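Visitor: Provided below are the primary sequence and the corresponding predicted coordinates.
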Amino acid sequence: MHTDTVTLAAGMGGHFLGYMTVVGLAGPVTIMFIAGLRGSDTIKIDNKKKAMVWGILVGQLWVAASGTLGDIANGVDDVSDGVFGGSQLWGSAPGQGGVCFTLFAIAYSFRWPKMVWPALFSLALGIGMGDAGGLWAIAANVFKTILGNIVGRVT
């Protein structure tokens with residue numbers, strides 16, 4: 001198949017969803033996330049694994065979106081670092097990787113009657129992953145690469 005044909009079929013700029021910024025993706029996905037947690041008839045976030053995947057996805061999108069969503073992400077990151085990253089809790093600071101692992105452990109380990117809790121802890125996890133290093137950052141970079149293929153360049 002010729003490249004021009006692929007570009008025309010994919011839409012403007014050759015992207016699957018047409019021309020869209022990260023904000024244009026993050027906003028609707030956030031709405032879908034909230035709807036799924038509240039009991040949408042089409043989006044089912046009915047177990048903690050789904051809640052965690054959605055939370056991490058939305059957190060990563062907020063970081064990539066910058067602007068107002070990025071400011072919200074920075075606020076969430078500051079709170080999670082303050083609560084789980086301070087020396088008051090552990091005796092010495094666990095580092096950003098330790099904060100991410102703590103958020104993961106809380107979201108994954110407990111039986112949650114409402115999926116909003118693992119979703120919120122995972123949202124904070126998704127926001128902090130890029131700064132944590134190690135496997136957390138690898139996952140964040142893979143997501144950023146995929147996101148760049150969907151909407152174009154992501155800084």
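Guide: It's in.
Visitor: now the helices for this protein?
Guide: When assigned using DSSP state H, the helices of the chain occupy the ranges 3-10, 22-38, 48-65, 67-84, 87-90, 95-109, 116-132, 134-151.
Visitor: distance of Arg38 from Phe104?
Guide: Arg38 sits 24 Å away from Phe104, going by C-beta to C-beta, to the nearest Å. Where C-beta positions appear, they are placed from N, C-alpha and C, glycine not excepted.
Visitor: higher neighbour count, those two?
Guide: Phe104 (18 against 11; other C-beta atoms under 10 Å).
Visitor: check contacts around the nearest residue to that one once chain neighbours are set aside.
Guide: Nearest residue to Phe104, sequence neighbours excluded (C-beta to C-beta, 6 or more residues apart in numbering): Leu125, at 5.6 Å. With contact set as C-beta atoms under 8 Å, 6 or more residues apart in numbering, Leu125 has these partners: Met52, Gly55, Ile56, Gly59, Cys100, Leu103, Phe104, Ala107.
Visitor: Where does the prediction get shaky in the protein?
Guide: The model of the chain has pLDDT under 70 over residues 1-18, 85-93, 152-155.
Visitor: List of residues touching stretch 126-142?
Guide: So stretch 126-142 is contacted by 55-60, 62-63, 73, 76-77, 80-81, 95-97, 99-100, 103, 144 (C-beta under 8 Å, 6+ apart).
Visitor: Please convert the buried members of the residues you listed into PyMOL selection syntax.
Guide: The PyMOL command for the buried members of these (criterion: 16 or more other C-beta atoms under 10 Å) is given here:
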select buried, resi 55+56+57+58+59+60+62+63+73+76+77+80+81+96+97+99+100+103+144
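Visitor: returning to that earlier point: just put the contacts of Leu125 in a markdown table and tack on distance to Asp46.
Guide: As requested, those are exported to a markdown table (distance: C-beta to C-beta, whole Å):
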| residue | distance to Asp46 |
| --- | --- |
| Met52 | 13 |
| Gly55 | 14 |
| Ile56 | 17 |
| Gly59 | 20 |
| Cys100 | 25 |
| Leu103 | 21 |
| Phe104 | 20 |
| Ala107 | 15 |
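Visitor: which of these lies closest to Leu25?
Guide: Gly59 (13.7 Å; C-beta to C-beta).
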